[in-house]
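Undergrad: need a structure here:
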Amino acid sequence: MLLVDDAPINLQLLASALGRGYELHVVRDGAAALDCIRREPDLDLILLDIRMPGPSGFELLIWLREEFPERRLPVIFITAADDEHIQAEGLALGATDCIFRPFFPPVVRARVQMHIALKRQLDRLERLARLDGLTGVANRRSFEERFSIEWRRALRIGTSLGLVLFDLDHFKAYNDRYGHLAGDECLRRIAALSQQIVRRPGDLIARFGGEEFALLLPDTDLAGTHWLAERLRQELEICCSLDQQSFEPNRLPGVMTLSAGCASRVPGCNDDPIELILEADRQLYAAKAAGRNQVVIDWSTRAETGGVI
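TA: Next up is the predicted model:
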């Protein structure tokens, strides 16, 4: 939990009112609060003074909702002004609740516990809604939301955004020969293998549809995107080879390979985000046309963005 107030006595009273059982981050101005929110992705709640040095509580809340819309952090405003207009303005900006000073500690504790419990329930439901039921990785909806967020972030700070689209070769024939249960297990295996290889917290593995998957790679240039896709392709070959040498009853039958298309770019103000997806899709189809079991990339696109893609 993050406590933000410019008066040390108020911070002490809040910490005392909350009691034990919480990991508290305590800061005295809006700038320090910004730094803490960036550093601490697992915050559950913010108790925030409205009037303080630097960004005000209202300004901080606006920044939080714009910068991290996916986090949905509950924010409780604390203010000495018993003013319904201030309360209404805070709630309109996206605050979860308001507490006026002087406050009654049991009320503070009860409201904090209630909002944290609600956040955790919503987080669980949100995670379930964003996961593919078969493979356990992100679903298409989750990919589209994250893609939009990462595109805007890359545009704002001038970094590259990489994308790999890949699918399993001859998957329909594999299903027809070995059955849908084996096909399902194959999809779960490739999802798990992708998670082992793509380990940065900001990267996303998603089931794009059917046997097609997407790897969304923030701050990754064209060479890095290609390297990761090629490593995944090679690891699948090794995995299938080991399966064929195994006598375990749950091994995968047959041999499975993948084809992948890669794209990466530094977004420009006039760029259409869908073009990055279309470029990766074009390269995937090129990989299929070239014989499958390979990664294809158009190196000429490096020149379109000054060589930093």
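Undergrad: which stretches of the stretch 201-309 of the chain have low pLDDT?
TA: The stretch 201-309 of the chain contains residues with pLDDT under 70 at 241-252, 302-309.
Undergrad: how about the helices in it?
TA: 222-245, 274-289 (DSSP state H, counting those that start in this stretch).
Undergrad: the stretch 51-200 of the chain now?
TA: Using DSSP H, counting those that start in this stretch, the helices of the stretch 51-200 of the chain run over 57-67, 84-93, 105-130, 140-157, 171-178, 180-197.
Undergrad: excluding its backbone neighbours, what's nearest Phe171?
TA: Once flanking residues are discounted, Phe171 sits nearest to Glu211: 4.1 Å by CB to CB, 6 or more residues apart in numbering. All C-beta spots, glycine's among them, are computed from the backbone N, C-alpha and C.
Undergrad: what are the buried residues along stretch 78-96?
TA: Buried residues in stretch 78-96, counted by 16 or more other CB atoms under 10 Å: 78-79, 86-87, 90, 93, 95-96.
Undergrad: nearest to Leu11, of those residues?
TA: Ile78 (10.4 Å; CB to CB).
Undergrad: ok, back up a step: does the residue nearest to Phe171 really touch Ala173, like I thought?
TA: No: here Glu211 does not reach Ala173: they are 11.4 Å apart, not a contact under CB atoms under 8 Å.
Undergrad: who has more neighbours, these two?
TA: A count of neighbours by other CB atoms under 10 Å puts Glu211 above the other of Glu211 and Ala173, at 21 against 10.
Undergrad: list the contacts of that one.
TA: 167-168, 171, 187 (CB atoms under 8 Å, 6 or more residues apart in numbering).
Undergrad: so how far is Asp83 from it?
TA: 58 Å (CB to CB, to the nearest Å).
Undergrad: on that earlier part again, quick one, which of the helices of the stretch 201-309 of the chain is nearest to Ala15?
TA: helix 222-245 (44.2 Å).
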